[in-house]
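[1] sequence-free structure coming up:
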């Protein structure tokens with residue numbers, strides 16, 4: 001089992017309130033990702049679940065047991081950090097089994113658990129190597145293996161891929177996704193990278209200034225953001241926001257349209273404008289348009305398109321994929 005319940009969890013450092021009453025349910029086997037801007041409290045929240053930070057108030061319940069006062073080693077969790085934190089003088093095998101050895105686990109059981117984890121992570125060829133003889137991706141797999149051998153109730157990941165280059169991030173992301181499917185374990189993962197969040201998570205928790213803005217599946221957040229913050233945070237390039245007054249409309253404050261939900265034409269359309277910049281990305285073309293009517297618009301087009309600065313174009317919403325937000329920033333359904 002790997003159920004987690006947070007009840008009004010708050011954390012303050014002196015007079016600074018970092019977490020402001022977090023309520024959250026994580027079901028057994030879920031892959032939950034915390035995202036949000038720097039300083040939103042996502043890593044602090046993860047550390048309170050792990051027991052590395054004491055909470056100021058509230059409750060942390062793991063599998064029905066209140067653990068707020070329980071030390072980290074007795075919470076049934078294993079944590080993978082941004083830094084690999086491997087012992088340089090130990091082999092891969094010994095690094096993975098060290099925690100079990102220190103806990104007094106029988107040698108035969110350590111051998112079995114390390115062998116199983118090595119097989120899951122394709123680490124068998126590297127068991128006798130030391131960390132200096134491994135690539136960054138291999139070291140991170142060893143750190144993950146060290147967590148697996150503990151057979152925890154919860155796996156906690158604190159930005160585990162941020163030290164890897166782009167290609168290794170993609171590879172390791174796929175390995176973590178496969179690992180979750182094989183283990184069927186509960187995983188809670190912190191990242192600033194929304195691509196990681198959108199591609200890995202069963203459920204995303206969007207945090208802002210110590211509060212939860214919205215919880216939902218990746219596509220729920222993408223298609224039905226609860227407010228301006230979530231709408232602007234999820235999706236790349238960012239959603240376009242247009243003041244309703246510039247559209248001559250009332251009943252709401254802001255219209256939101258994602259760049260991929262706009263079409264471009266050289267002949268006619270809803271809003272005219274001039275191209276100010278184009279990003280040719282091969283698979284996509286990102287076109288930035290300055291409109292006298294509604295301001296700057298970002299348009300994302302599939303494939304390669306021959307637009308250039310100073311071209312006069314027309315942008316139009318496609319279908320019904322628009323979002324209306326009130327004065328308070330919340331979506332109007």
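    That came in fine, so what should we check first? Remember, it's a predicted structure, so these values are computed and weren't measured experimentally.

[2] Counting neighbours, what do you get for residue 224?
    14 (other Cβ atoms under 10 Å). In short, each C-beta sits where N, CA and C put it, glycine included.

[3] right, I mislabeled it, should have said residue 142
    25.

[4] Which residue, other than its chain neighbours, is closest to it?
    Computed as Cβ to Cβ, 6 or more residues apart in numbering, the closest residue to residue 142 that is not its neighbour in sequence is residue 92, at 5.3 Å.

[5] Next: residue 261.
    Beyond its immediate neighbours in the sequence, the residue positioned closest to residue 261 (Cβ to Cβ, 6+ apart) is residue 321, lying 4.0 Å away.

[6] What backbone torsions are found at residue 219?
    When read as degrees, to the nearest 10, the backbone of residue 219 gives phi -80, psi -30.

[7] ok so, going back, the residue nearest to residue 142: what's it in contact with?
    118, 123, 126-131, 134, 142, 145 (Cβ atoms under 8 Å, 6 or more residues apart in numbering).

[8] Can you select the buried ones among those residues for me in PyMOL?
    Here is the PyMOL command that selects the buried residues among those (16 or more other Cβ atoms under 10 Å):
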select buried, resi 118+123+126+127+130+131+134+142+145
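
[9] For residue 221, I want the exact helix or strand it lies within.
    Element membership for residue 221 (DSSP states H and E) is helix 218-223.

[10] any idea of the mean pLDDT in that helix?
    Taken as a whole, helix 218-223 has a mean pLDDT of 96.

[11] and it, what does it pack onto?
    Applying 3 or more Cβ pairs under 8 Å, 6 or more residues apart in numbering; DSSP states H and E, one finds that helix 218-223 makes contact with helix 194-200, strand 203-208.

[12] For the last one, what is the distance to the chain centroid?
    If I follow you right, that is strand 203-208. The gap between the average C-alpha position of strand 203-208 and the chain average comes to 8 Å, counting by Cα atoms, centre = their mean, to the nearest Å.

[13] just checking, what packs against that strand?
    In this structure, strand 203-208 makes packing contacts with strand 31-35, strand 211-216, helix 218-223, helix 228-233, judged by 3+ Cβ pairs under 8 Å, 6+ apart.

[14] quick one: strands adjacent to that strand?
    If you go by DSSP bridges, strand 203-208 pairs up with strand 31-35 (parallel), strand 211-216 (antiparallel).

[15] mind checking which of the helices and strands packed on strand 203-208 is nearest residue 194?
    Closest of the helices and strands packed on strand 203-208 to residue 194 is strand 31-35, at 6.1 Å (criterion: Cβ to Cβ).

[16] The helix or strand just after that closest one - contacts with which helices or strands?
    Towards the C-terminus, the helix or strand next in line after strand 31-35, according to DSSP H and E, is helix 42-50. Helix 42-50 makes packing contacts with strand 4-13, strand 16-26, strand 31-35, strand 77-80, strand 154-158, strand 186-190 when contacts are defined by 3+ Cβ pairs under 8 Å, 6+ apart.

[17] let's see 6 Å
    Other helices and strands packing on helix 42-50, by 3 or more Cβ pairs under 6 Å, 6 or more residues apart in numbering; DSSP states H and E, are strand 154-158, strand 186-190.

[18] Now residue 275. Nearest residue, chain neighbours left out?
    Beyond its immediate neighbours in the sequence, the residue positioned closest to residue 275 (Cβ to Cβ, 6+ apart) is residue 311, lying 4.4 Å away.

[19] for that neighbour, phi and psi?
    Main-chain dihedrals, residue 311, degrees, to the nearest 10: phi -60, psi 140.

[20] so how far does stretch 29-42 reach from one end to the other?
    Stretch 29-42 has an end-to-end distance of 20 Å (Cα to Cα, to the nearest Å).

[21] Buried residues, that stretch. List them.
    Buried-residue list, stretch 29-42, by 16+ other Cβ under 10 Å: 30-36, 40-42.

[22] Which of the contacts of residue 92 fall in strands?
    With strands defined by DSSP state E, no entry of the contacts of residue 92 lies inside them.

[23] which one among the contacts of residue 92 gets closest to residue 73?
    Of all the contacts of residue 92, the one with the least separation from residue 73 (Cβ to Cβ) is residue 145, at 18.8 Å.

[24] Distance check, the closest one against residue 154.
    When distance is defined by Cβ to Cβ, to the nearest Å, residue 145 is 17 Å away from residue 154.

[25] ok, now residue 66?
    If you go by Cβ to Cβ, the gap between residue 66 and residue 154 works out to 15 Å.

[26] more neighbours, those two?
    Neighbour totals were compared for residue 66 and residue 154, and residue 154 leads with 24 against 12 (other Cβ under 10 Å).

[27] Now do the same contact list for the closest residue to the more buried one other than its chain neighbours.
    Of all residues beyond its chain neighbours, the one nearest residue 154 is residue 77 (4.5 Å), with distances taken as Cβ to Cβ, 6+ apart. By Cβ atoms under 6 Å, 6 or more residues apart in numbering, residue 77 lies in contact with 50, 152, 154, 156.
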